[in-house]
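Chemist: Requesting a structural model of the entry that follows:
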Amino acid sequence: MSASLAGLKVEVKYLQKENEVLTAKTRELELLKQQDQANKKELESLKRELDKLKQQDQAHEGELITIKASANITENQVEALRREGEVKQVAFSSSLMDSGAGDIGPFNAQTPLVFRRVVTNIGNAYNPNTGFFIAPVRGVYHFEFYIHGGGHASHGSGAALFKNGEHIFIAYEHQSSYSVNAANGVTLLLEVGDVVFLRQWQNSRIHDSRNHHTTFSGHLIFTM
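Modeler: Have a look, this model is predicted:
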């Protein structure tokens, strides 16, 4: 009987120790669960913070793109204004012969005149190889032309100004002796690409020399 009781006491103590171990493991497990939950909450918080940072980064990227676009627009505007300022500066003046002296004509039909000697060509709108002035911008332009020749019984001296294919004004003079001088001028509204040039009048003679008697000039007054 005493032996059985002693055995039960030993078993009870063993169970108590085992229970304490289990209790300790249960508490440890609960602590691990709590830590895990805390870690999950912290992870979720970090994820939310990361999302916020991503959104802010996207917003900053969008702002940067906007700033770059604005900078490009501003740069393009500055370039456009610079070009417009350059285009507004248009003027040329030329004489018929680049060197030497002599008469041109007469011809049976109107013949284009090419003024070879260029003293001013701001904006490069006048071409000394073709004799054409090509409007670089829509605006109001003024042109003048002076035609010189020697007196002749059968031939006067003259030229007509054309806008594209349209005859605008003529400068013409005829006398049998001495020299003749004819002049005219015109103000025209031109579109971009319009061409202005002179044609020698049929059956006329035009003279030029190193003194540059025969000239063609023009300039932009204002844009439209």
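Chemist: where do the helices sit along this protein?
Modeler: In the chain, the helices defined using DSSP state H lie at 2-87.
Chemist: pLDDT below threshold where in this protein?
Modeler: Low-confidence segments of the chain (pLDDT under 70): 1-12, 66-87.
Chemist: redo that, cut-off 50
Modeler: Judged against pLDDT under 50, the chain has no low-scoring part.
Chemist: so how far is residue 135 from the nearest residue to residue 89 once chain neighbours are set aside?
Modeler: Spatial nearest neighbour of residue 89, excluding adjacent residues (Cβ to Cβ, 6 or more residues apart in numbering): residue 122 at 5.3 Å. Using the backbone N, CA and C atoms, a C-beta is placed for each residue, glycine as well. Residue 122 is 14 Å from residue 135, where distance means Cβ to Cβ, to the nearest Å.
Chemist: quick one, which of the two is more surrounded?
Modeler: A direct count of neighbours by other Cβ atoms under 10 Å for residue 122 and residue 135 places residue 135 higher, at 23 against 14.
Chemist: so the nearest residue to that one once chain neighbours are set aside bridges to which residues?
Modeler: Among residues not flanking residue 135 along the chain, residue 190 sits closest, at 3.9 Å (Cβ to Cβ, 6+ apart). Beta-bridge pairing for residue 190 (DSSP bridges): residue 139.
Chemist: burial count for residue 190?
Modeler: Residues near residue 190, counting by other Cβ under 10 Å, number 23.
Chemist: do the same with residue 158
Modeler: Around residue 158 there are 24 residues (other Cβ under 10 Å).
Chemist: doesn't residue 204 make contact with it?
Modeler: Yes - with contact defined as Cβ atoms under 8 Å, residue 158 counts as touching residue 204 (4.9 Å).
Chemist: Determine the residues that are contacts of both of those two.
Modeler: Counting by Cβ atoms under 8 Å, 6 or more residues apart in numbering, the residues touching both residue 158 and residue 204 are residue 172.
Chemist: picking that back up, how close does the residue nearest to residue 135 get to residue 198?
Modeler: In terms of Cβ to Cβ, residue 190 sits 16 Å off from residue 198.
Chemist: just to revisit the earlier point, and the residue nearest to residue 89, what is it in contact with?
Modeler: Neighbour list for residue 122: 89, 90, 91, 92 [criterion: Cβ under 8 Å, 6+ apart].
Chemist: what's the answer for residue 98, then?
Modeler: Counting by Cβ under 8 Å, 6+ apart, the residues that residue 98 touches are 116, 117.
Chemist: Residue 104 now?
Modeler: Contacts of residue 104 (Cβ under 8 Å, 6+ apart): 96, 113, 200, 205, 206, 207, 208.
Chemist: which of these lies closest to residue 18?
Modeler: Comparing the contacts of residue 104 against residue 18 with Cβ to Cβ places residue 113 closest, at 123.5 Å.
Chemist: Grab the nearest non-local neighbour of that closest one.
Modeler: Nearest residue to residue 113, sequence neighbours excluded (Cβ to Cβ, 6+ apart): residue 198, at 4.4 Å.
Chemist: out of the contacts of residue 122, which are buried?
Modeler: 90, 91, 92 (16 or more other Cβ atoms under 10 Å).
Chemist: Please narrow those to those residing in strands.
Modeler: Judged by DSSP state E, the buried ones among the contacts of residue 122 include 91, 92 as members of strands.
Chemist: which among the buried ones among the contacts of residue 122 gets closest to residue 149?
Modeler: Once Cβ to Cβ is applied, the member of these that ends up nearest residue 149 is residue 92, at 23.0 Å.
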